[in-house]
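>>> Provided below are the primary sequence and the corresponding predicted coordinates.
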Amino acid sequence: MPNVICLGELLIDFCAGEQDVSLVEAGSFVKAPGGAPANVAVAVARLGVSAAFVGAVGDDPFGHFLESVVAEAGVDTAALVKVRDVRTSLAFVASRSDGRKDITFYRNPGADMCLAPEHIEAAYVASAEALHFGSISRIDESPRAATDKARRLAGEAGLLITYDLNWRPSLWGDAAAARERIHEGFDGTAVAKVSDEEWQFVFGTGDFDAGADTLLDAGVQLVVRSEGERGASFASPAARGHVDAFDVDVVDTLGAGDAFMACLIVELLAHWRGRAGPSDLPAEELRRIVRRANAVGALSATRVGAIPALPTAAAVDQFLAERADR
């Protein structure tokens, strides 16, 4: 059975063939498998920990392609639902070197919106050690109910629960409702990651300490803000700090945050098995973990696409060994 279950969307990213252009300006696109929780699942597997994906795709050529890609990456797809009458979701993406993205989704509806509570099996969730989810599955009622069921079961079974939100304005009808649904996702979560571009929207302030305090006061054990080329900041009840990013030749930042998140899960899970939660870890260990996560994110930004660019643990080890003095 898998160590880490990732729940949410699996879709096709059509990535602009050029960097630093808008979708209007892009002249070509490259088909790439994606979807934040699916990216995390593959990244976890590439880093040497067994992973599973729970979600829904269409029973169509794109859905079959996605299933094969994720399965070939070593991710368990036993809980992947294939929907006959709804097509697999698509996203067209143009990435900029500073991490900003121009994204348009084609999911009206998309198969990922069809995930339902009946697709979540208690025994399957309880067999894992960690549950990871994002905020896209919190937009629509059915996948939101499925996500909440999985979170409840994971909490009852003592799993490490992690949450990485994605604020995509075009997918939400109302910003206030979006903020409420996103904040609900923090309930019962041990580890929460928010990117710097979403921080202001979520917390109403760009100040890291103020936003982190909000989540720590609500019971989150570790808050991490990914900051692109500036690195990442972290806060737990006992430690806070910032870790600089690595300098690499950026090709495509799509999925870099998901790669970063996967590394956090893998590293923290090793402590969780020893009964040490994120709030129990000293600043030095959290700094080491975030530095490694920065390395995973940096490596993933050196190739086009999300899943195709995710590095192996060996590649990360070599990358860090070459930068041992930095």
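That came through fine. These numbers were taken from a predicted model, which means no experiment stands behind them.
>>> Could you use CA atoms for every contact and neighbour count after this?
Noted.
>>> which ones are touching the residue nearest to S22 when sequence neighbours are not counted?
Distance criterion C-alpha to C-alpha, 6 or more residues apart in numbering; nearest residue to S22, sequence neighbours excluded, is A94 at 5.8 Å. For A94, the contacting residues are C15, A16, E18, Q19, D20, V21, S22, L23, A26, K101, D102, I103, by C-alpha atoms under 8 Å, 6 or more residues apart in numbering.
>>> What residues are bridge-paired with A94?
When bridges are called by DSSP bridges, A94 pairs up with D102.
>>> Using PyMOL, define a selection of the buried residues within the contacts of A94.
Selecting only the buried entries of those in PyMOL, with 16 or more other C-alpha atoms under 10 Å as the criterion:
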select buried, resi 15+16+18+19+20+21+22+23+26+101+103
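>>> Sort out for me which of the contacts of A94 are in strands.
Using DSSP state E, the subset of the contacts of A94 located in strands is C15, A16, K101, D102, I103.
>>> which one of those sits closest to I265?
K101 (24.6 Å; C-alpha to C-alpha).
>>> so where is the stretch 101-250 of the chain shaky, pLDDT-wise?
Along the stretch 101-250 of the chain, no part satisfies pLDDT under 70.
>>> mind listing the strands in the stretch 101-250 of the chain by residue range?
Secondary structure of the stretch 101-250 of the chain (DSSP state E, counting those that start in this stretch): strands at 101-106, 130-134, 160-164, 191-195, 222-226, 232-235, 240-243.
>>> would you list the ones you listed in TSV and tack on distance to E118?
Listed next are those as TSV, based on distance: least, C-alpha to C-alpha, whole Å:
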stretch	distance to E118
strand 101-106	25
strand 130-134	17
strand 160-164	20
strand 191-195	26
strand 222-226	31
strand 232-235	36
strand 240-243	40
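>>> Could you work out which of those reaches nearest to T253?
strand 101-106 (8.5 Å).
>>> Just the C-alphas of that closest one, formatted as PDB.
Extracted in PDB, the C-alpha atoms of strand 101-106 (Å, rounded to 0.1, in the frame of the first residue of the first chain):
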ATOM      1  CA  LYS A 101       2.000  32.200 -14.900                       C
ATOM      2  CA  ASP A 102      -0.700  32.900 -17.400                       C
ATOM      3  CA  ILE A 103      -3.200  30.000 -17.200                       C
ATOM      4  CA  THR A 104      -6.500  29.300 -18.800                       C
ATOM      5  CA  PHE A 105      -8.500  26.200 -17.900                       C
ATOM      6  CA  TYR A 106     -10.900  24.100 -20.100                       C
END
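>>> What lies in contact with that strand?
So strand 101-106 is in contact with S22, L23, S89, L90, A91, F92, V93, A94, S95, S170, L171, L254, going by C-alpha under 8 Å, 6+ apart.
>>> re earlier: looking at the ones in strands among the contacts of A94, spot the one nearest A298.
Nearest to A298 among the ones in strands among the contacts of A94 is K101, at 16.5 Å by C-alpha to C-alpha.
>>> spatially speaking, which residue is in the middle of the protein?
Nearest to the mean C-alpha position of the chain, by C-alpha atoms, centre = their mean, lies D258 at 4.0 Å.
>>> Pull out the buried residues from the helix or strand harbouring it.
Here D258 sits within helix 256-273, counting by DSSP states H and E. Neighbour counts over helix 256-273 (16+ other C-alpha under 10 Å) mark 256-269, 272 as buried.
>>> same question, stretch 246-255
Buried residues in stretch 246-255 (16+ other C-alpha under 10 Å): F246, V250, V251, D252, T253, L254, G255.
>>> What of stretch 312-320?
Applying 16+ other C-alpha under 10 Å to stretch 312-320 flags T312, A313, A315, V316, F319, L320 as buried.
>>> quick one: average pLDDT of stretch 305-312?
The average pLDDT within stretch 305-312 is 86.
>>> now, which of the ones in strands among the contacts of A94 sits nearest D85?
If you rank those by distance to D85 using C-alpha to C-alpha, I103 comes first, at 24.9 Å.
>>> With R179 as the reference, measure out to the closest one.
20 Å (C-alpha to C-alpha, to the nearest Å).
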